[in-house]
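> output the structure for:
(chains A and B)
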Amino acid sequence: MTSAAAATTKSIIHVAGYSSCGFYRRAASVVASLSLLFPHRLQLVQHEFTSRDEFREWLIHGTNFRERVGNTLGGGNLRASAHSSSPFCWTSNTADQSSNSADSVLEFIGGCDDALDWCRKFAQPPPAPSTSTDGEGNIAEMVPDGHSPSHSYDYDLLILGGGSGGLAASKEAAKLGAKVAVLDYVKPSPAGSKWGLGGTCVNVGCIPKKLMHNAALLNGNYVHDQPHYGIGVTPESIEANYGMTQDNTAATHSWDMLKQNVQNHIRGLNFKYRVDLREKEVTYLNLLGKFVDKNTIETVDKKGNVDTVTFSRCMIAVGGRPTPLNCEGGEMAISSDDIFSLDRDPGKVLCVGASYISLECAGFLRGIGKDVTVAVRSILLRGFDRECAKLIGEHMKDEGIVFREEVVPTKLEKVGEKIKVTFSNGESDEYDTVLAAIGRSGDTSKLGLENVGVAVNPKNSKISAKFEQTSVPNIYVIGDVMDGCPELTPVAIHAGKALSRRLFGGSNQAMDYRNICTTVFTPLEYGTVGYSEDEAIAEFGEETVTVYHKYFIPLEWSLSPSRGSHQGFCKAIVNKHTDKVLGLHYLGPNAGEVMQGFGTAMKLGCKFEDITETVGIHPTTAEEFTTLSITKESGEDAAASGC
Amino acid sequence: MSVSMHRFLSSPLHRRAAQQLTTSNQQRWTSVITLSDADAVDKFRTINSKSVMYFTATWCPPCKMIAPIYTELATKYPDVAFGKVDVDENQDAAVEFQIQAVPTFVFSKNKESVNKFSGADKDQLEKLVQEL
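Reported below is the predicted structural model:
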């Protein structure tokens, strides 16, 4: 059936049947109702016979209308010429009641159900234009990859890497009927750390990081807030402090207990992932893979046994690993692969690098009472908003984190139990732990990509791709290992699912990598979506960009005297001419929770007015966005007013 | 003698069982047997007409709670064999018995699973042991 619904010219629909037939009456009345609603688009012509016999005489025996309709439509339209029941429905270019004219038939519709389907399509609104506000389509145009359902390979889809992206993609493809296997094998870190199924996020990233960040928050609450809310306060302590409350002195903290509970949680997740794959009928292979050719992977198990697996399509989802510290003694440094399972208290720590990973680690280590130094080569949080990065750095200094600026370590050496670090400015200090977080590289060096000709960016070992398709059409790439992909778990999950739907579900939807909201879990949390102020000015020009900003004191800090020196901050980067919001930035408690909903607003192309017209939730910190009114160019003071 | 019978009779586990049988006729099993691979699970269920397997993990807090109770039950019910499977060490067995949570207990009679439940429920555990 062709799509009559899309036609804008008037459709003339003929419904023939006998008067006592319920199906005939139902089809005719639905079409009649629609033609009343859309008189310029639809007209009903009824051919009502008094009895079933009379109807059949017209349709089949005497005039054999169905046969003639079949012939008119060409190729002896079998559906029409075999139709024997009431009603018989068709469209035509004439409203002529003459029941015997079959020459003007345009399309045979069918019986009652077909007529109702036709009406449903007719009444459906035309597809909405893409919500993409830049006018870009989000259709993925991929190169044919030669996949045929009747291939003779072991699997329809083989996924290298059981991290967030690989697992999500595998389950989606299996749901769509594909035969899928996931290869996951964790090569130990240089310091010897190993982990289970689930990838970076679950084992050595987001999950342990957020838990340890929470340890720091709880500790902060204990020290700075609890006494001022009366928790743990006794009449004696009030008397001793002349009726005032004081901050608690830091409580003891057991690194071992924190680490063990975090690791137990992770091992539970590893188990859940294995169960999940089994339930979704994805084959999990705890093997290390290497390409032999574009349809074959050579596998090695823990014991060194070699085998091969073949596949029609492959998705590379191996993620990345920390870039090792490249200086004398650099091998003494651990990385984020090791810190969350460290079997001793980290003690005095040097974090090398000013990436979000370095700052987050420095933040939670300080928050649980460690002596922490950060070595910064140039700037904090490259790629993020400069103003926010600066405020985060100031806050971290206030928390007691030492920053060594414009230095890199040039030498690490063992001095007793400690590591002596010499910096590029000639200074040196001793630490119990040196944690390098100077960047991450694609984990591709041992994949045998040279055997299949998949193109790799030599700078970061990541794989170039268009719509997640590599230079070899049946080999795809998702997540951190794809060049240019934001290194974020939900991005990998989204891209992986979208790709599986395109490969096995007939979808053509591309992954939308724009306006992705994220949060940095530094002691002062930072939530962000869209352009930074600097990027927006670089792209749209200073005359186009306006910035609304505001400092605020979260209510939950207001009883705690030692929180007084800190402020939260939010700003909106707006296109002055269109009022469109280009970016939102937030520094304060619960930044992730605050930013998530604004991510949806940004995806819908929200304007600044939409935010200020939104009624706030009081008292929250998220509502600060709805009350933004001071622009930077006005020069007015955006600081929170004191009491 | 079938091939599988032969295999289990010559297995170390069976020899151990046989030793226990000869040294102490009254008490067949008084301790929990760790089943570290799929083969061990198979033999364990073959040679014991009444058995219970405790699927556990080192990272599971409720398992820590139920473990001593399970060991006690092993002493209290000597005619039932008590086995223990770590779902991380013995992943094949976890797959075979479709373990979705820990702790999970699988009760077998003559190699046929007759009951299964998840959770550190002491009373339910003892009740199902008695029902064997």
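
> burial measure for the residue of the stretch 51-200 of chain A found nearest chain B, as a count.
With Cβ to the nearest Cβ, the shortest gap between the stretch 51-200 of chain A and chain B falls at residue A:196, namely 7.7 Å. To be clear about C-beta, it is placed using only N, CA and C from the backbone, and glycine gets the same treatment. By the criterion of other Cβ atoms under 10 Å in any protein chain shown, residue A:196 has 19 neighbours.

> give me the number of residues near residue A:234?
8.

> sorry, wrong one. I was asking about residue B:126.
Residue B:126 has 16 neighbours, counted by other Cβ under 10 Å.

> disregarding residues adjacent in the polypeptide, which is nearest to it?
Leaving aside its chain neighbours, residue B:126 sits nearest to residue B:73 (6.2 Å; criterion: Cβ to Cβ, 6 or more residues apart in numbering or on different chains).

> list the buried residues of the helix or strand hosting that neighbour.
Assigned by DSSP states H and E, residue B:73 belongs to helix B:61-76. Within helix B:61-76, the residues that qualify as buried are B:63, B:66, B:67, B:70, B:71, B:73, B:74, counting by 16 or more other Cβ atoms under 10 Å in any protein chain shown.

> mind putting the residues you listed in JSON lines, pLDDT and distance to residue A:69 included?
Below are these laid out as JSON lines (pLDDT from 0 to 100; distance: Cβ to Cβ, whole Å):
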{"residue": "B:63", "pLDDT": "94", "distance to residue A:69": "72"}
{"residue": "B:66", "pLDDT": "95", "distance to residue A:69": "74"}
{"residue": "B:67", "pLDDT": "94", "distance to residue A:69": "78"}
{"residue": "B:70", "pLDDT": "95", "distance to residue A:69": "77"}
{"residue": "B:71", "pLDDT": "95", "distance to residue A:69": "82"}
{"residue": "B:73", "pLDDT": "94", "distance to residue A:69": "79"}
{"residue": "B:74", "pLDDT": "94", "distance to residue A:69": "81"}
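
> out of these, flag the one nearest to chain A.
residue B:63 (10.4 Å).

> is it true that that closest one touches residue B:70?
No: between residue B:63 and residue B:70 there is no contact under Cβ atoms under 8 Å: 9.2 Å.

> and chain A, which of its residues are near chain B?
Proximity of chain A to chain B is confined to A:196, A:263-268, A:270-271, A:274-275, A:278-279 under the rule Cβ under 8 Å from any Cβ of the partner chain.

> the helix or strand just after the helix holding residue B:73 to helix B:61-76, inter-axis angle?
Next along the chain after helix B:61-76, taking DSSP H and E as the criterion, comes strand B:81-86. Computed by axes from the mean of the first three to the mean of the last three Cα atoms, to 10 degrees, the angle separating strand B:81-86 from helix B:61-76 equals 160 degrees.

> packing partners for strand B:81-86?
strand B:33-34, helix B:38-47, strand B:50-56, helix B:61-76 (3 or more Cβ pairs under 8 Å, 6 or more residues apart in numbering or on different chains; DSSP states H and E).

> following it, which helix or strand comes up?
Heading C-terminal from strand B:81-86 (DSSP H and E), you reach helix B:91-96.

> do that following helix and chain A meet at all?
Yes: against chain A, helix B:91-96 shows contacts by Cβ under 8 Å from any Cβ at B:91, B:94, B:95.

> so, low pLDDT: which residues of the chain?
Unless you meant another one, I'm taking chain A. Flagging of chain A using pLDDT under 70 yields the residue ranges A:1-8, A:75-76, A:99-100, A:126-137, A:641-643.

> correction: the question concerned chain B.
Those would be B:1-30, if you go by pLDDT under 70 across chain B.

> is the closest residue to residue A:248 other than its chain neighbours in a helix, a strand, or coil?
In space, and not counting its chain neighbours, residue A:248 is closest to residue A:223: 5.0 Å by Cβ to Cβ, 6+ apart. On the three-state scheme (DSSP: H, G, I helix; E, B strand; the rest coil), residue A:223 is labelled helix.
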